[in-house]
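In: Have a look at this prediction, sequence included:
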Amino acid sequence: MNPQQLSETIVDALTALVADGAITLPDGVPTEVTVERPRQKGHGDYATNVAMQLAKKAGTNPRALAELVADRLRVSDGVSGVEVAGPGFLNVSVEAGAQGQVAADIVAAGAAYGSATTLAGEKINVEFVSANPTGPLHLGGTRWAAVGDALVRILQFSGAEVTREYYFNDHGAQLDRFSSSLLASARGREVPEDGYGGDYISEIADQVVTQRPDVTDLPDDEAQEVFRQVGVDLMFEEIKSDLHDFGVDFDVYFHEKSLHDSGAVDKAIERLTAMGNTYTEDGALWLRTEKYGDDKDRVIVRSNGTPAYISGDLGYYLDKRERGFDRCFILLGADHHGYVGRMMAMCAAFGDEPGKNLEILIGQMVNLLRDGQPLRMSKRNGTVISMNDLVEAIGVDASRYVLARYTNDTTIDIDLELWAKASNDNPVYYVQYAHARTCRMIGNATDLGMKLPGDGFDPALLAHERDGDLLRALAEFPRVVASATDLREPHRVARYLEDTASVFNKWYDTKECRMLPQGDEPVTPANEARLVLVHATQTVIANGLRLLGVSAPERM
RNA sequence: GCCCCCGUAGCUCAGCUGGAUAGAGCGAGAGACUUCUAAUCUCUGGGCCGCAGGUUCGAGUCCUGCCGGGGGCGCCA
């Protein structure tokens, strides 16, 4: 019996009480009730607060209602005991046999265990990273590469059809600064005002000169155009390649320029104008964003006739919607949180529902610490810390894991010494080690000729307290995936894996729970039952790590 | 000035969207290796959940106001 099944059992009990006239619920019986793992030993295997939630509606007090439900639950299949405690909690103990069955169910589900169909039919566009190709991918973008990719995997696991998209700004002034910086480097000049410095600039400049030797003899303005075209391509290819090595591949790389060239921006502006959401003032065209909750209205076409940056967003959003994405996610760094108001207003101005058709997730900054001191960065000096710097310091798995294990609202300080360590201090190694341990155990079992018992599996043999702890942890996985999906919080998967790895290690350390027979002892049904449990653990950890894009090594 | 995020053990952070005696890892102290992989486990100590009010059966969680830290507020992108 897993938590979902217990929830259904409790709903059945409530339904029966209503049918018998024992209680009345004016709003009807809830379709599901909260079932949680109590923190405290002695509070049963599972607890529910349903009596406290419904007492007022039922016109009774929580404890009295709890007693009625308890009487019903005690005779339900799979339930071994029920106690009413505290203000009206129901503490439920589950029969060992019913609980042990979870292990076999997990093994049967395999790589699909934890997946769901709750988002089936949803077409979701997740836009993330979207860094301009004016330099190597920085740490903020790296956070989104890890979190965004994990989020996509989680949404897919919950049944959604998801597209990974990278929006590439190749229309505005930022690339002018990049190309002028390349030009300055090639001609041995100082870094221009608002320009970019650093070794990568001179490296790209050298590559451009190698590809286009003629650039040396061109006048500045023509040369800069060559540096722009060739340099941007080189830089962008480098970013794509770095992301690929990081395990992140986008389905669509969308160029802002194409929106202006194709008329998509004009079309969006026409649409908004037709809806009465634009007006002209001081020679500029404005969007009525304040009407939809933004601080103030925004210019979309400047008085000199050139489109403002947000005009690309208008065209882009409309384009996504017309490509059939009912839900558009945009993942932004905290330095862009000021855009949320106008983007949501834009969404509403199109007649869409902010928060539903458009969701914007904000991630806080990332700092690297060495010897407890943050590493300082400067764009101009080219001392920005890149994804490659992080990967070189701690590896891809640790990088992805550390970036995905915190809430987006938390500023991350990465202690390079800790995350480079191959020890149990390092959470990613701790989780991976638990997986490797299951693989070794299964290998040992195979060497002894042990096989999964199949129909001969007796779940009631997983009756030790530590068996129960592990089974309940494994049974949580689908609920963790569900909450990570609903809340768009991949870090829940990482935290869950750490907890589950810990429960597994404690189980492993329990002499009564040995999976392998000792010495020359014959293989018992209990050994076989525990082999199922180890397989189930391996499945859960592997599935969880896969959602985070972190490898699950078989040996370490 | 206005907006967003954070404030929980010495440190780094969770806290399942209002539930029981607030948790984990690290650090500190004491233990367990003829092992199913000790990259592990066991035990001990450690807290006005920033402060003050409010909402209710119940608040780390929701509301208001302060304090402290970080980020953002352009006809830049």
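Out: Received it, and whenever you're ready, just let me know what you need. Numbering: from 1, shown residues only, chains lettered A, B, ... in the order given.
In: Give me the neighbour count for the residue in the stretch 1-150 of chain A that RNA strand B sits nearest to.
Out: Residue nearest to RNA strand B within the stretch 1-150 of chain A (CB to the nearest atom of the strand): A:Ala47, separated by 2.9 Å. Quick note: C-beta positions are derived from backbone N, CA and C, even for glycine. Using other CB atoms under 10 Å, A:Ala47 has 21 other residues around it.
In: Next, it: secondary structure please.
Out: Under DSSP: H, G, I helix; E, B strand; the rest coil, A:Ala47 falls in the strand class.
In: Not counting sequence-adjacent ones, nearest residue to it?
Out: A:Pro38 (4.6 Å; CB to CB, 6 or more residues apart in numbering).
In: hang on, A:Lys320 is in a strand, isn't it?
Out: No: per three-state DSSP, A:Lys320 lies outside any strand segment and is helix.
In: any idea of the pLDDT on it?
Out: Looking at A:Lys320, its pLDDT reads 97.
In: what's the answer for the one 10 residues further on, then?
Out: At A:Ile330, the pLDDT value in this model is 97.
In: Repeat that for A:Ala223.
Out: 94.
In: Surely it and A:Ala184 touch.
Out: No: using CB atoms under 8 Å, A:Ala223 is not in contact with A:Ala184, being 10.7 Å away.
In: Provide the backbone phi and psi angles at A:Ser80.
Out: The phi and psi values for A:Ser80, taken as degrees, to the nearest 10, are phi -100, psi -20.
In: on that earlier part again, count of residues packed around the residue nearest to A:Ala47?
Out: 15.
In: Next: the one 5 residues further on.
Out: When neighbours are counted by other CB under 10 Å, A:His43 registers 18.
In: List the residues that contact it.
Out: A:Ala85, A:Phe89, A:Asn91 (CB atoms under 8 Å, 6 or more residues apart in numbering).
In: try 10 Å this time
Out: A:Glu36, A:Arg37, A:Glu83, A:Ala85, A:Gly86, A:Phe89, A:Asn91, A:Val92, A:Ser93 (CB atoms under 10 Å, 6 or more residues apart in numbering).
In: Check the secondary structure at the closest residue to the last one other than its chain neighbours for me.
Out: What sits nearest to A:Ser93 in space, not counting adjacent residues and going by CB to CB, 6+ apart, is A:Gly81, at 4.0 Å. Each residue gets one of three states, and A:Gly81 gets strand by three-state DSSP.
In: rewinding a little: am I right that the residue of the stretch 1-150 of chain A closest to RNA strand B is in contact with A:Gln40?
Out: Yes: assessed by CB atoms under 10 Å, A:Ala47 is found in contact with A:Gln40 at 9.1 Å.
In: what is in contact with these two at once?
Out: Taking CB under 10 Å, 6+ apart as the contact rule, A:Ala47 and A:Gln40 both touch A:Ala85, A:Asn91.
In: so how far is stretch A:418-428 off the chain centroid?
Out: Mean C-alpha position of stretch A:418-428 versus that of the full chain (CA atoms, centre = their mean, to the nearest Å) differs by 21 Å.
In: What are the contacting residues of that stretch?
Out: A:368-369, A:390, A:393-395, A:397-402, A:404-405, A:415, A:417, A:429-430, A:432-433, A:494-495, A:497-498, A:501, A:505, A:545, A:548, A:550-551, A:556.
In: I'd like to know which elements the lowest-mean-pLDDT helix or strand in chain A is packed against.
Out: Taking mean pLDDT, DSSP states H and E as the measure, chain A has strand A:373-374 as its least confident helix or strand, at a mean of 76. Contacts defined by 3 or more CB pairs under 10 Å, 6 or more residues apart in numbering; DSSP states H and E place strand A:373-374 against strand A:366-370.
In: partners of the strand it packs on, with directions?
Out: Note on strand A:366-370: by DSSP bridges, its sheet partners are strand A:373-374 (antiparallel), strand A:412-415 (parallel).
In: Distance to A:Ala109 for those - can I get that in CSV?
Out: Converted to CSV, those look like this (distance: least, CB to CB, whole Å):
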stretch, distance to A:Ala109
strand A:373-374, 44
strand A:412-415, 33
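In: So which of these is nearest RNA strand B?
Out: strand A:412-415 (4.4 Å).
In: I appreciate the help and will end here.
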